[in-house]
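Peer 1: Provided below for reference: sequence and predicted model.
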Amino acid sequence: MATPDIETSATAASTRAGTGTTFTRFVGLATIVGMIALGVFGLLLSPADVQQSDSVRILYIHVGTVWIAYVAFAVTALSSAAYLWKRTTSLTWDRLAGASAEIGVLFMALTLLAGSLWGRLSWGKFWVWDARVTSTAFMFVTYVGYLAVRGLGGSHQQRARRSAVVALLAVLEIPLVHFSVKLWRGLHQDSSVADRTHVNLHGLMLFSLFISLVAFTLLYVWLLMHRQRVLAMQDAIDNTGLDYALQQRRDEGDL
Amino acid sequence: MFRVARLIAAKDLRVELRSRVVTNQVLPFAAIVMVMFAFALNSDAVVSRVAPGLVWLATLFSLLILVQRSFAIENADGATDALRAAGVDPSGIFLGKAMALAVQLAVLELVLLVSAVVLYSTELRVGGIVLLLVTFVAATVGLALVGTLYGGLAGGVRGRETLLPLLLLPVVAPVLIGATRATESALGTGGATVADGWPWVGLLAVFVALFSVGGTLAFGPLIEE
């Protein structure tokens, strides 16, 4: 970097060459091991389902990704609340919320994708107007909107406050949408096709699902740490970029 | 707070009375949308079956335009900044703008309902009038509150009006569902009875309660920058 002398306002993250630490490398390795185990158990060791045959294997991805999406959005909501609460206000919470929402949107997209592929195989349709499916899609769109709000510009504090409020409004909105879609379906359709609670799981299937949850959780933690640090670096670049421009103007004045 | 709200609402309505933007542009837009629906669906039976849904869908489309108009007059000449600099209570601004928006929406919905009666041969029935009225009031208030809340967010940033539909439409989905079902019950569309409609009014009431509190709290942090 050509301007090492003006990195005064940079945060600790920007002084590092990358976003990796011993801990993230450990988590990253554990994630790789977990994913390999998931592949082995999900594709080879666990049996095919009596009714769904091999398409049941999609669920080992589907359940893991939807779990991460929910966890990620919960983390976004909690971090946003932490930012707005005066005693804990810090841009770190804002970046944590943003990083988590980005991962959540990604995994929600994967959930919808894997779910529709599974639906095509099991129900013969990519999409059913089931309450859970529909409100999941709404959740996805809501957080796409949240990310758009984050990109609106302005100072870091403006971005943080604006997006934290939107994240908390989403917490208000999502249960309401779910409830109303459920009412809507409830009066129009006798039974939901997505009701799979009667299915009796084979032991190895349950274990594969368990591995899926663990592996995806590790992946989430790994992605979150890296992404949060990248966002911190971006903010630091914004700050130093401004300092740099000011310095240049001052130098021009000295000439 | 309520005095400020009344003043803000009166100001917005006065601006509209003098500029006639909503009357001359939004109302004709809503009417043409109703005609377009009939073109697209191309069947008298289908149109009269889905008329309540179309009325509310046209309302939502028009809501987006109304909200943008409502905040365009605030952003022109930095009016919002002036209000903030004058120390006006943001909750009062929120409630006032929502009140003005609700009045404009009510006029718009009346026009849409009349055009449904005229164009789609929708028939009003005496037994459903109370339900219809309560549904329209609840849905209008709910839409005005949420519209103002997200309008304040998207309107505060110049050139970002495109964001409003993405933020607003998912939030108002419960209103679309609730108001459409309740209106069907009030009109007797598809054999629905009036008694079926009241739970949906309950849903609308929950929506109004949540967003009147949430909006009053959230609007301040959203517009003060």
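Peer 2: That came through fine.

Peer 1: what's the spacing between the spatially closest residue to A:Ala167 that is not a sequence neighbour and chain B?
Peer 2: With Cβ to Cβ, 6 or more residues apart in numbering or on different chains as the criterion, A:Ala167 has its nearest non-adjacent residue at 3.8 Å, and that residue is A:Ser80. (C-beta placed from N, C-alpha, C; glycine too.) With distances defined as Cβ to the nearest Cβ, to the nearest Å, the gap from A:Ser80 to chain B amounts to 11 Å.

Peer 1: how about A:His62?
Peer 2: As judged by Cβ to the nearest Cβ, A:His62 and chain B stand 23 Å apart.

Peer 1: list the contacts for that residue?
Peer 2: Applying Cβ atoms under 8 Å, 6 or more residues apart in numbering or on different chains, one finds that A:His62 lies in contact with A:Thr111, A:Ala114, A:Gly115, A:Trp118.

Peer 1: just to revisit the earlier point, pretty sure the residue nearest to A:Ala167 is in a strand, no?
Peer 2: No - counting by DSSP: H, G, I helix; E, B strand; the rest coil, A:Ser80 is located in no strand; its state is helix.

Peer 1: who touches it in this structure?
Peer 2: A:Trp93, A:Asp94, A:Ala97, A:Ser163, A:Ala164, A:Val165, A:Ala167, A:Leu168.

Peer 1: returning to what we had before: among the contacts of A:His62, which one sits closest to B:Arg84?
Peer 2: The shortest separation between B:Arg84 and any of the contacts of A:His62 is 41.4 Å, and it belongs to A:Thr111 (by Cβ to Cβ).

Peer 1: next one: the closest one from A:Val133, what distance?
Peer 2: Using Cβ to Cβ, to the nearest Å, A:Thr111 is found at 10 Å from A:Val133.

Peer 1: so for these two, which sits in the more crowded spot?
Peer 2: Remark: of A:Thr111 and A:Val133, A:Thr111 carries more neighbours, 24 against 19, as counted by other Cβ atoms under 10 Å in any protein chain shown.

Peer 1: for chain B, see how far away that one is.
Peer 2: In terms of Cβ to the nearest Cβ, A:Thr111 sits 17 Å off from chain B.

Peer 1: and that residue, what pLDDT?
Peer 2: In this prediction, A:Thr111 carries a pLDDT score of 93.

Peer 1: same deal with the one 3 residues further on?
Peer 2: Predicted confidence (pLDDT) at A:Ala114: the value is 91.

Peer 1: same thing with B:Leu153?
Peer 2: With respect to pLDDT, B:Leu153 scores 83.

Peer 1: mind checking how far it is from chain A?
Peer 2: 7 Å.

Peer 1: could you list every residue that touches that residue?
Peer 2: A:Val149, A:Arg162, A:Val165, A:Val166, B:Leu167, B:Leu222, B:Ile223.

Peer 1: can you do 6 Å?
Peer 2: B:Leu153 sits next to B:Leu222 when contact means Cβ atoms under 6 Å, 6 or more residues apart in numbering or on different chains.

Peer 1: so which of the contacts of A:Ser80 belong to helices?
Peer 2: Using DSSP state H to define helices, the subset of the contacts of A:Ser80 located there is A:Trp93, A:Asp94, A:Ala97, A:Ser163, A:Ala164, A:Val165, A:Ala167, A:Leu168.

Peer 1: quick one, which of those are buried?
Peer 2: When the ones in helices among the contacts of A:Ser80 are checked for burial by 16 or more other Cβ atoms under 10 Å in any protein chain shown, the buried set is A:Trp93, A:Asp94, A:Ala97, A:Ser163, A:Ala164, A:Val165, A:Ala167, A:Leu168.

Peer 1: so who does the third one touch?
Peer 2: Taking Cβ under 6 Å, 6+ apart as the contact definition, A:Ala97 lies against A:Thr76, A:Ser79, A:Ser80.

Peer 1: give the closest residue to it in space, chain neighbours not counted.
Peer 2: For A:Ala97, ignoring the flanking residues on the chain, the nearest one in space by Cβ to Cβ, 6+ apart is A:Ser79 at 3.8 Å.

Peer 1: and the average pLDDT for the biggest helix by length in chain A is what?
Peer 2: In chain A, assigned by DSSP H, the helix with the most residues is helix A:203-254. Taken as a whole, helix A:203-254 has an average pLDDT of 88.

Peer 1: please apply the same query to stretch B:61-68.
Peer 2: Regarding stretch B:61-68, the rounded mean pLDDT is 93.

Peer 1: same question, stretch A:26-37
Peer 2: For stretch A:26-37, mean pLDDT is 92.

Peer 1: list of residues touching it?
Peer 2: Outside stretch A:26-37, the residues touching it (Cβ under 6 Å, 6+ apart) are A:Ile211, A:Val214, A:Ala215, A:Leu218, A:Leu219, A:Val221, A:Trp222.

Peer 1: coming back round to it: which ones are touching the residue nearest to A:Ala97?
Peer 2: Contacts of A:Ser79 were listed using Cβ under 6 Å, 6+ apart, and they are A:Trp93, A:Leu96, A:Ala97.
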